[in-house]
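In: coords below, sequence missing:
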C-alpha cells in the first residue's frame, strides 16, 4: 500500500511545500473613513441621544395622577408576578416599605403576589387592569 504525500498536505499547498497562488493574494482593505465622516457620525448619534433624552424624559416621568399629588389615605399595591417567599418577593416587600416613606402623604403598602407562568400571568393581569391613578406598581425581573 503506497501513500500519496500530496493528500496529506493542507489545502492550497503544493507537494514541494510552497503555497498556492490563491493563498498569496489578499483582499485589499476597505478605504479608510475621513476624520470629518467619523466626527459627523459621532455628532449625529450624540444629537440623537440628547434629543431622545430631552423629549422622552417627560414621558417616563409623568406627574403624579392624583388630584393634588398627595397619596395620603391611599394604598400602594405592589403586584409581584411571582410566588411569595422568593427573592423577588423579598426584594419588593423591602423596597415597598421603604418607598412609602418617600412618597407624599405616606401611603399604605400592600404586596400582592400573582404567581403563575414564570410571571406572565401576573404581568398580563397588571397590563389589563392596572389603575391609572399611580397606586399600582408592577415589580418585574430582568
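Out: Happy to help now that I have it. Nothing here was measured: the structure is a model prediction, and the numbers come from that model. Numbering: from 1, shown residues only.
In: when you work out contacts or count neighbours from here on, use the C-alpha atoms and nothing else.
Out: OK.
In: residues of stretch 93-109 that come out buried?
Out: The neighbour-count check on stretch 93-109 (16 or more other C-alpha atoms under 10 Å) flags 93, 96, 97, 100, 106, 107, 108, 109 as buried.
In: which ones are touching the nearest residue to residue 119 once chain neighbours are set aside?
Out: Of all residues not flanking residue 119 in the chain, residue 81 sits nearest, at 4.5 Å (C-alpha to C-alpha, 6 or more residues apart in numbering). By C-alpha atoms under 8 Å, 6 or more residues apart in numbering, the residues touching residue 81 are 113-116, 118-123, 138-140.
In: and the gap between residue 81 and residue 98?
Out: According to C-alpha to C-alpha, to the nearest Å, residue 81 and residue 98 sit 20 Å apart.
In: ramachandran angles for residue 109?
Out: Phi and psi for residue 109, reported as degrees, to the nearest 10, are phi -130, psi 130.
In: same thing with residue 80?
Out: Backbone torsions for residue 80, taken as degrees, to the nearest 10, come to phi -110, psi 110.
In: is it bridged to anything, and to what?
Out: In this structure, residue 80 bridges to residue 113 when assessed by DSSP bridges.
In: would CSV of the buried residues of stretch 93-109 with pLDDT be doable?
Out: Listed next are the buried residues of stretch 93-109 as CSV, based on pLDDT from 0 to 100:
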residue, pLDDT
93, 93
96, 91
97, 91
100, 88
106, 88
107, 89
108, 91
109, 92
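In: among these, name the ones in helices.
Out: 93, 96, 97 (DSSP state H).
In: residue contacts, the closest residue to the second one other than its chain neighbours?
Out: Which is residue 96. Leaving out its chain neighbours, the residue that sits closest to residue 96 by C-alpha to C-alpha, 6+ apart is residue 109, at 6.6 Å. By C-alpha under 8 Å, 6+ apart, residue 109 lies in contact with 75, 76, 77, 78, 96, 97, 100.
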